[in-house]
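In: 3D, please:
(2 chains)
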Amino acid sequence: MEEKRLSVYEECAARGVSRRDFLKFCTTMAAWMGLQQSGAAQVANALEVKPRLPVVWLHLQECTCCSESFLRSSHPVVATLLLDRISLDYSETLMAAAGHQAEAALRDTMQKYRNEYLLMIEGSVPTANEACCCIGGRSARQIVDEAAAGARAVIAWGNCASSGCVQAANPNPTGAKPIHRILRSKPIINVQGCPPIAEVMAGIIVHMLTFEGIPQLDGLGRPKAFYSRRVHDTCYRRANFDAGLFVESFDDDNANKGYCLYKVGCKGPNTYNACGIIKWNEGVSYPIQSGHPCIGCSEANFWDNSPFYKHNPGVKGFGIEATADQIGLIVGGITVAGIAAHAVATNIRKKQLIENKSNE
Amino acid sequence: MSERIVVDPVTRIEGHLRIEAEIEDGRVKDAFSSGTMVRGIETIVNGRDPRDAWAFVGRVCGVCTSTHSLCSVRAVENALGIVVPPSAELVRNLMIATLYMHDHVVHFYHLHALDWVDVVSSLKADPAAAARLAQSLSPWPKSSEGYFAAIQSRIGRFVGSGQLGIFSNGYWGHPAYKLRPEQNLVAVAHYLEALEWQKEVVKIHTVFGGKNPHPNFVVGGMPCSINLHEPNAINSERLAFVKQKLDEAKTFIEQVYIPDLLLIAEAYKEDWSRIGGGISNYLSYGDFPMAEYGDVGNYLMPRGIVLGRDLSRVHPVDAHSPDQIKEYIYHSWYAYQEGDQAGLHPFKGETRLNYTGPKPPYTHLDTGDKYSWIKTPRWKDEPMEVGPLARMIVAYAAGKEPQKSLIDDTLKKLNLPLEALYSTLGRTAARALETLLTADWALDIFDKLMENLRYGDSRMVNHTLWSPKLWPDEARGVGLSEAPRGALAHFVVIKDRQVGNYQMVVPSTWNASPRDAQGVLSAYESALIHTPVHDPEQPLEILRTIHSFDPCLACAVHLYDEEGKYVHQIDTF
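Out: Numbers count the residues shown, from 1 in each chain, chains lettered A, B, ... in the order given. Alright, predicted model coming up:
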């Protein structure tokens, strides 16, 4: 029997989500995705009429924090998007294993929606010895190669799939590689972060549904809508940085006042992510707001840019710019070091004023 | 004639678990537990700043997130002699309590309940009768006829559409299901409610740790500043928010989780209080330090070992001692310099990968040889079960209250003897009782924190030894904690201000490890022996026992006959 593929809205309605909630979700998503106001209607239209996107979700070398993050997502539409249909109907962790019939079952799914389904991958692929990650007797690499063949596009969830994360940090004992080093033939969206923010994950799926194409990506394959601004530039503590007000050590008086965490190693100036805007767990907080410096978890190879508590401006390999020092200059549109010197001088002057004031 | 069943993957477990079991005359005759994924994180931490280690090893697991990070900062603090300020210790306790409540509730409803609850049967329920039943069990306000009718009609549309989604390919109708349709309907309704609830309680982690999964910690205390009057610190508004989440959690656990657990226990106690006991040794490192970490006497969960189910004696455990905890690799894909028979204390532990298994794709592991990426830990060469049941049994043997009374009262309510604890059901019940205690403790801890703050002690970090210049040339430390799934230990050697060696002995290492060189089984393998299997194509009973250890979500079960020929595949949760 040919099954009827319901639209996302139809599924939501069947699960008790009201029309009002549905539209609220569309509007929020459109805003996060940086669309014009009319974008909300476009999103709503897409979710209402387009059939659901078939998805295969693989778990490889990972810690499941990406799935967990998604489960924390606040909106019932998200639960419908992934929980009911996607992750559990087409998840590799459920379907694939040793045995030719199990493989055939997955192949059936992949054949039925050939060149239509989206492949979502959580985790990296070991290359030193393929046996370092086996599911149902097959290696991660074998599973990825087969699943990618008929995929329309690949979403690499989190830092593991996007850049190898902790297991790829020096000395990378299992030869862990991100998906874009394994697959060359498919468009790959790197949804960075350890884990990525739930709403970012949802936003990308909604984008794929709405526009039937991949979102605009930056040089590291990350969707620009969520990864084009530095944590530093959207940080509510930024004014303290500009004023030269810094936390000198954890829990000092300055920490109590919410001063800038730059001097205790904050990687916000080198990190592109939406933490300062969307925040975490329904906007409750984000690392800096809770007093810990950003460790840069949405950047490639951020583990090897540790130590986390020391600011290391000369460090290479951060994002798309060469060094952290240059980042500030480029983003600020400033070209000459003299102007930066001026800015520093201004900060020092401001700080002296504040200190004098408090000594009075 | 025996038949070999392969359960792979047991999913949503870090380390990709695989179970192979021999079935003979309707019962499990032998079982093999294998971890099939490795990342080598211990070798990656070597040479790093010890103050950074928590972030690396925290990424071992995103499900029991925060527990490894906490254990890591404890290990480094232990090595350097750093004592954490009292209020910071209390905040850490709140982090643990939050994790317990989240993890245990999610385990019960989303990972384990459907081993006991038949979703399809709930369609036959009378919503009015379900409402009467729910009201008789608990004052939970949602238990109206209209509520259950609405849930039932949602499930009906689900099933009617032919697309069962997360409920597809279950063992619905299996004779091992014992609940009445109304009981099933109540449980399914709460399954959906728990999904909504779980994302609320973790917001406590977000307040103190900035995010969840993977909240932040810092060596010496907690990175968040607390000041009741500062707008930019954790202030009274934020603390009121935490209190509200704790209150909500307690209500949910008391009025939903516990009544559902008792309902399932009552229905299944006949068989399942006698199946799945496994090995008879139990280890708990203890946790929830109410004074300071080094003061074990003031832990809410006591430390110790019960051997051979002898409740008259609690043996002390010393993780520092070179003779007590050792890891073996006889059946694990590693190499030791001293050879395969050697056992190494984690301070001298080695992590050298040495895969000798079949080349993937494979259908069977060579279980006579090495067959897992998990090492085999032993305490004085004895296997140990760890987890909520072990914690409860150690507390019971130590005469610790309120654990002892709670166990006695619950057994009395169910009309079961003490021996019923040593079973699949005992494990599942211990987890629920522990959650109930944790919800109470969390509120006590919160009150104590508020008291400290009122007296002006809001110190969150001990800085005195933050600078590596003050550290000795060599130091070694152990961090102990009780993760939701059991006893967790991190061992760190700090040499020249860097990590010289790092080893973790995690709960799954104890429970899911392969047998040792003498052929003595570890907890999973042992608990499966003699488990009845009504229908080898639908090994629901195996999943009940495996899930009672909390190995997370869905299993795709693959059955093989002796030639390794594929027989049948079943998806479940």
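In: Skipping its backbone neighbours, what lies nearest the residue in the stretch 151-300 of chain A that chain B sits nearest to in space?
Out: Proximity to chain B, evaluated over the stretch 151-300 of chain A using C-beta to the nearest C-beta, is greatest for residue A:258 at 2.5 Å. In this view, the C-beta of every residue, glycine as well, is placed from N, C-alpha and C. The spatial neighbour of residue A:258 that comes closest, neighbours along the chain excluded (C-beta to C-beta, 6 or more residues apart in numbering or on different chains), is residue B:232 at 2.5 Å.
In: One more: residue A:110?
Out: residue A:150 (4.9 Å).
In: Does residue B:498 touch residue B:52 like I think?
Out: No - at 10.2 Å, residue B:498 does not count as touching residue B:52 under the criterion of C-beta atoms under 8 Å.
In: Find me the pLDDT at residue 169, would you?
Out: In the absence of a named chain, this looks at chain A. Residue A:169 is assigned 95 on the pLDDT scale.
In: hmm, I had chain B in mind actually
Out: So, for residue B:169, pLDDT stands at 59.
In: can you check the one 10 residues further on too?
Out: According to the per-residue confidence, residue B:179 scores 97 in pLDDT.
In: Would you check how far apart it and chain A are?
Out: Applying C-beta to the nearest C-beta, to the nearest Å, one obtains 23 Å for the distance of residue B:179 from chain A.
In: Doesn't that residue belong to a strand?
Out: No - membership of residue B:179 in a strand is not supported by DSSP: H, G, I helix; E, B strand; the rest coil, which gives coil.
In: if I look at the closest residue to it other than its chain neighbours, how far off is chain A?
Out: With C-beta to C-beta, 6+ apart as the criterion, residue B:179 has its nearest non-adjacent residue at 5.5 Å, and that residue is residue B:267. The gap separating residue B:267 from chain A is 26 Å, by C-beta to the nearest C-beta.
In: Show the backbone phi and psi for residue B:267.
Out: Comment: the main-chain dihedrals of residue B:267 come out as phi -70, psi -30, following degrees, to the nearest 10.
In: residues in contact with residue 150?
Out: This is for chain A. For residue A:150, the contact set (C-beta atoms under 8 Å, 6 or more residues apart in numbering or on different chains) comprises A:110-111, A:113-115, A:117.
In: meant chain B, my bad for not saying
Out: Under the criterion of C-beta under 8 Å, 6+ apart, the contact partners of residue B:150 comprise residue A:16.
In: Give me the pLDDT for it.
Out: With respect to pLDDT, residue B:150 scores 88.
In: Can you tell me the element it falls in?
Out: Take DSSP states H and E as the rule and residue B:150 turns out to sit in helix B:145-160.
In: So which other helices or strands are in contact with the next helix-or-strand element following that helix?
Out: Under the assignment DSSP H and E, the closest C-terminal helix or strand after helix B:145-160 is helix B:181-201. When contacts are defined as 3 or more C-beta pairs under 8 Å, 6 or more residues apart in numbering or on different chains; DSSP states H and E, helix B:181-201 packs onto helix A:65-71, helix B:86-106, helix B:127-137, helix B:145-160, helix B:236-252, helix B:258-272.
In: Quick one: distance of the last one to the chain centre.
Out: Its chain's C-alpha centre lies 20 Å from the corresponding centre of helix B:258-272 when counted by C-alpha atoms, centre = their mean, to the nearest Å.
In: Can you name the residues in contact with that helix?
Out: Judged by C-beta under 8 Å, 6+ apart, the contacts made with helix B:258-272 from elsewhere in the structure are B:108, B:113, B:116-117, B:137-138, B:140, B:178-179, B:183, B:186-187, B:190, B:410, B:413-414, B:416, B:420, B:423-425, B:428-429, B:432, B:436, B:544.
In: correct me, but residue A:71 touches residue B:199?
Out: Yes - the pair residue A:71 / residue B:199 is scored as a contact, 6.9 Å apart, by C-beta under 8 Å.
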